[in-house]
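> No letters, just coordinates:
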């Protein structure tokens, strides 16, 4: 039965060690939550830029009344010249269908935005 009993006594955890372990745990937890929050904020900010650009194109497309008998598509760069699309926008088209205007934007990650909803 000598294999079951420890030969050296167990160490006691000191209050300093316990405090250091707790501090490390909280630093890791707060750091993780901060990084997740920053990633969500970055994604929301990028989506906001895409939607704002779509609204600007929609406003420019509705300045003149579209033809009601014809349906056609126009690239956003022609509708709103001189304003560059945000970097996340892969394609942008203003659709004119039976007198109605809609702007369809495709962004990174397969996201698609339609203005107006």
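On my side now, so go ahead. Every value quoted in this text rests on a predicted model; they were computed, and no experiment measured them.
> Was I right to think residue 97 contacts residue 73?
No. Look at residue 97 against residue 73 with Cβ atoms under 8 Å: they stay out of range, at 9.1 Å. Every residue, glycine included, has its C-beta placed from N, CA and C.
> can you count the residues close to residue 47?
Other residues lying near residue 47 total 16 when counted by other Cβ atoms under 10 Å.
> and it, which of the three is it?
Here residue 47 is recorded as helix under DSSP: H, G, I helix; E, B strand; the rest coil.
> mind checking which helix or strand the residue nearest to residue 100 when sequence neighbours are not counted is in?
Closest residue in space to residue 100, ignoring its immediate chain neighbours: residue 66 at 7.6 Å, by Cβ to Cβ, 6 or more residues apart in numbering. Using DSSP states H and E, residue 66 falls within no helix or strand.
> How about residue 54?
Residue 54 belongs to helix 15-61 when assigned by DSSP H and E.
> pLDDT of that helix, averaged?
Regarding helix 15-61, the rounded mean pLDDT is 92.
> continuing past that helix, what's the next helix or strand?
Next in sequence after helix 15-61, counting helices and strands by DSSP H and E, comes strand 72-75.
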